[in-house]
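1. Turn this into a model:
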Amino acid sequence: MDQLALIIGLLFATVVAVGVGDRLRLPYPVLMLLFAAGLTFIPGFPDLRIDPELILPVFLPPLLFATAQRSSWSVFKIRWRTIVLLAVALVVLTTVVVAGAAWLLIPSIGIPAAIALGAMVAPPDPVAVESVAGRVHMPRRLITVLQSEGLFNDAAAIVIFQAAVASAVGGTEIGWGVAGKFILGAVIAVVIGVLMGWLTSLITRLVTSMVARSAVTLVVPFTAYILAEEVHASGVIAVVATALEIRRHARPQDAAERITRTAFWDVVELLVTGLAFGLVGLEIREVIKAEGSAIFGMLGMAAAVCVLVFAVRFLWLALLAAAARRRGSDLPPTGFKDVLILTWCGMRGLATLALALALPVTLSDGTDFPARHEIIVIACAVLLATLVLPGLTLPWLMRVLKAADDGVEEQQAAKELAARAQSAAIAALKDTDLISQLPPERIALVKEKMTRLHAELLDGTMKNESAEQQRQRGRELAIAVQTIALDAARQEVLSARSESGTDPEVADRVLRQLDLRTMMMPD
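-> Model prediction:
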């Protein structure tokens, strides 16, 4: 009962942290982590024990799914080079550098255990980045880079970690087969994700209950993750592919479902994120309590690894920026500001903690796992350094660099998309026979409604139609015409969302306006 009460308390604290974070302009996941860590200093505070093997399967699927829904296949098609260089190459580079430093700093750690440490601290957390970056008006082009990186880097880190632990426990060597295993696992995971996305779209078309159709999207991420892990593929990639495929199958007539599903997932993402980082805070405090005064002797090594993590990311991003300038590419990072911001946003989170706690206690021969205490302390130190420090100082950094986005570019993109939607709606009206059945005054009313819809799309406001207008003669036919026009407009936006160069979040905002306008129409 104490543990249940603690979980409920953390969920309630998440709501409070969101409100406090909005007022102080601070990310609520960081506030939750600090709050939870501070709670455990209270005498008699109950412990919350979670099996390390459950942390990733419980928290990663819904959080990755929520983040991936805001992207599209076209984004990854354009940014595949960035994904490979950051989500894979940078993870491998960070692992190698940290492993080398650990091998030099920690006596008798051994190469496999050192590599396991490197894999733990290598992948930034997409959930932390999403929660922090969105509050400081970071340019969308940088947020997209961080999202793309964060959705895939856990997969590479987990494969390396598992291979390193297996090598340490079994006394075998780590071979190049790790790369082949990762590639094969990624391919299988994409296939699973595409199939799960198709199956989900089929189910949502057969099920009549809107609540059930929204609920199935909560079950699907866990199903995709578990299926992939069972066949030794990447559960992370399977969840991401599932989310992208579901969005690809979106239909224009599902306006009410999209509104319901978006609200549902906003609540799920907020509560799960707050609970996850609250648990991270509790676990960090437990590590500190377990190590006692011995932790002070490890702080020097932990600080050295923290500096290395920042330094490796900065230098790698600087090399990418230099290469982008030589190629004339406009994909970030392209300058010093981009490099500094993307470095500061390399926040570690759930994956780092879960992998640290998943370290075995003993080897196959019964001896202690090499330097297990030092590895856990260093991993937690990196998590705190990369999450708390940047999370609290990122607003200041954005002001100093004058890098905050004024939103003009996004507004222009939304206007252009709204114009496309209006053109598609008008074209649909010209093609339908319903127009010929309307009297002249009704045609004028429909045109007036479409003009008003265009204005609403541009300024993002919604206006209810008066009751008098709704009761006018022939309103059923006018509503039918509007439905045709809105369906055509939504189809145009959905098609544009899958096009190269279209920001999915901008398209989602325009689509939401169209969906809300549809739901305001009388039955």
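2. so Met301 makes contact with Glu374?
-> Yes: if you go by CB atoms under 8 Å, Met301 and Glu374 touch, sitting 6.6 Å apart. Just so you know, the C-beta spots here come from the backbone N, C-alpha and C atoms, and that holds for glycine as well.
3. Please identify every residue contacting each of these two.
-> With contacts defined as CB atoms under 8 Å, 6 or more residues apart in numbering, the residues shared by Met301 and Glu374 are Ile106.
4. Looking at the two, which has the bigger crowd around it?
-> Glu374 (23 against 19; other CB atoms under 10 Å).
5. Identify the residues contacting that one.
-> 106, 109, 298, 301.
6. In whichever helix or strand Val159 is part of, which residues are buried?
-> Per DSSP states H and E, Val159 falls inside helix 140-170. Neighbour counts over helix 140-170 (16 or more other CB atoms under 10 Å) mark 140-165, 167-169 as buried.
7. Now do the strand or helix carrying Leu31: distance to the chain's middle.
-> Per DSSP H and E, Leu31 falls inside helix 28-39. Distance of helix 28-39 from its chain centroid, counting by CA atoms, centre = their mean, to the nearest Å, is 20 Å.
8. avg pLDDT for it?
-> On average, the pLDDT along helix 28-39 is 82.
9. Quick one: low-confidence residue ranges for the stretch 351-500 of the chain.
-> 406-407, 431-480 (pLDDT under 70).
10. can you give me the strands for it?
-> Assigned by DSSP state E, counting those that start in this stretch, the stretch 351-500 of the chain shows no strands.
11. can you pull out the helices in it?
-> Counting by DSSP state H, counting those that start in this stretch, the stretch 351-500 of the chain has helices at residues 372-401, 408-431, 440-459, 467-470, 475-497.
12. and what of the stretch 151-300 of the chain?
-> Secondary structure of the stretch 151-300 of the chain, counting by DSSP H, counting those that start in this stretch: helices at 177-206, 210-230, 235-248, 255-291, 299-327.
13. tell me the angle of the shortest one relative to helix 140-170?
-> Pointing back at helix 235-248 there. Orientation check (axes from the mean of the first three to the mean of the last three CA atoms, to 10 degrees): helix 235-248 against helix 140-170 gives 150 degrees.
14. do the fourth one as well
-> Helix 255-291 and helix 140-170 are oriented at 50 degrees to each other (the same axes, to 10 degrees).
15. dump the residue contacts of the closest residue to Gly38 other than its chain neighbours.
-> Spatial nearest neighbour of Gly38, excluding adjacent residues (CB to CB, 6 or more residues apart in numbering): Gly281 at 7.8 Å. Shown in contact with Gly281 (CB under 8 Å, 6+ apart): 32-40.
16. Show me which of the residues you listed are buried.
-> 32-37, 39-40.
17. would you list every one of the helices in the stretch 1-150 of the chain?
-> Under DSSP H, counting those that start in this stretch, the stretch 1-150 of the chain gives helices at 2-24, 28-39, 52-68, 73-78, 80-83, 91-105, 111-121, 126-133, 140-170.
18. between these, which one is nearest to Pro360?
-> Nearest to Pro360 among these is helix 140-170 (5.9 Å), distances taken as CB to CB.
19. who wins for proximity to Leu24 among the helices of the stretch 151-300 of the chain?
-> helix 255-291 (15.9 Å).
20. Could I get the buried residue list for the closest one?
-> Buried residues in helix 255-291 (16+ other CB under 10 Å): 255, 257-262, 265, 268-287, 291.
21. before we move on, what about stretch 193-203?
-> Going by 16+ other CB under 10 Å, stretch 193-203 has these buried residues: 193-197, 199-201.
22. Stretch 343-361 now?
-> 343-359.
23. hmm, back to that, want to try TSV for the contacts of Glu374, with pLDDT as columns?
-> Listed next are those as TSV, based on pLDDT from 0 to 100:
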residue	pLDDT
Ile106	89
Ile109	88
Met298	83
Met301	90
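24. Which other helices and strands does the helix holding Leu31 contact?
-> helix 2-24, helix 126-133, helix 255-291, helix 372-401 (3 or more CB pairs under 8 Å, 6 or more residues apart in numbering; DSSP states H and E).
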